[in-house]
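Visitor: output the structure for:
(2 chains)
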There are 2 protein chains.
Amino acid sequence: MNALTPLGMVSELPSENQTNANRLGQDAEAPKDYFVEREGMCFAGTHLLVDLWDAGHLTDPAYIDRALRDAALAAGATILHSHFHHFSPNGGVSGVIVLAESHISIHTWPERDFAAIDIFMCGACDPALSVPVLRAAFVPGRIEVEEKRRGRIS
Amino acid sequence: MNALTPLGMVSELPSENQTNANRLGQDAEAPKDYFVEREGMCFAGTHLLVDLWDAGHLTDPAYIDRALRDAALAAGATILHSHFHHFSPNGGVSGVIVLAESHISIHTWPERDFAAIDIFMCGACDPALSVPVLRAAFVPGRIEVEEKRRGRIS
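Guide: From the prediction side, this is the model:
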């Protein structure tokens, strides 16, 4: 097909990510449903928006890559790919880790000691478990975390 | 340093992205400030959370890559890198485009005809201009857009 093909066909998500219900009924031939049922809600995934203020280590892409990998693993996620850019002249870093369960991204503004992170995870992963790892890595004076349930249908 | 080095030192952001003010004063030696001042507010960037329902073309990574690139360019962004994964057995796609001005990500649940997209852009880019491109590409029956101003300080 094209250059994307070799990246494709990642193995099935962990069985905990699946439910047996799907909109086409219980036919064994029907596609599986990867929406999550938890706490009485049905949704696609949990998206945390994490803002770090008065934070450190915001100009080192290798350090940031490692910190985000540790954060992903703490949440129980599977890392598929990561990519980071280092900007001049301010030293800011933009990067993303693509997960089997969605992604983590970061953008840093070292001139403001500020970083904006988002952690999107579906399935059985718990992105809240990433937050203490980020706190330890970047030692923010202040942290703001907002949780969104993406694709909520009930 | 390491394998990240060749990716680093991307050229300076467009001058429209910059302000002259910074927290260290107007010293020419001081680092530039990339926070945005707009509509009486000062913040790091605009983050759109876009949920598509009853959408099509959610199982084709090449199509999705192209659609997200078109959406990025419509907003005035500069594409640095893209990466997409195709999952089995449901055909879902996860992908991200890293921009000079932050990122666009997508995760699709074709068994629900649902896609969760986020568009994070700093500087002079306007992520709202990406939305009509996404609407044309995925023809959703319903679209929900939530706007967050990340790192808002005033």
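
Visitor: how about stretch A:118-130 against chain B, any contact?
Guide: Yes - Stretch A:118-130 is in contact with chain B by CB under 8 Å from any CB of the partner chain, via A:Asp118, A:Phe120, A:Cys122. Every residue, glycine included, has its C-beta placed from N, CA and C.

Visitor: residues contacting that stretch, please?
Guide: Stretch A:118-130 has contacts (CB atoms under 8 Å, 6 or more residues apart in numbering or on different chains) with A:13-14, A:16-17, A:34, A:36, A:44-50, A:71-72, A:74-77, A:99, A:101-105, A:147, A:150, B:47, B:105, B:107, B:116, B:118, B:120.

Visitor: gap between the two ends of that stretch?
Guide: End-to-end distance for stretch A:118-130: 11 Å, by CA to CA, to the nearest Å.

Visitor: please compute how far that stretch lies from its chain's middle.
Guide: Averaging C-alpha positions (CA atoms, centre = their mean, to the nearest Å) puts stretch A:118-130 6 Å from its chain's average.

Visitor: what's the answer for stretch A:34-50, then?
Guide: Its chain's average C-alpha position is 13 Å from that of stretch A:34-50, according to CA atoms, centre = their mean.

Visitor: for stretch A:93-101, same thing?
Guide: Remark: stretch A:93-101 is offset 7 Å from the chain centroid, using CA atoms, centre = their mean.

Visitor: show me the residues of stretch A:118-130 next to chain B that map onto strands.
Guide: Here DSSP state E is the test, and the residues of stretch A:118-130 next to chain B give A:Asp118, A:Phe120 as lying in strands.

Visitor: can you give me the pLDDT of A:Arg142?
Guide: You'll see A:Arg142 listed with a pLDDT of 97.

Visitor: now, of the contacts of stretch A:118-130, which are buried?
Guide: A:13, A:17, A:34, A:36, A:44-50, A:71-72, A:74-77, A:99, A:101-105, A:150, B:47, B:105, B:107, B:116, B:118, B:120 (16 or more other CB atoms under 10 Å in any protein chain shown).

Visitor: which ones among these map onto helices?
Guide: Taking DSSP state H as the definition of helices, these contribute A:Ala71, A:Ala72, A:Ala74.
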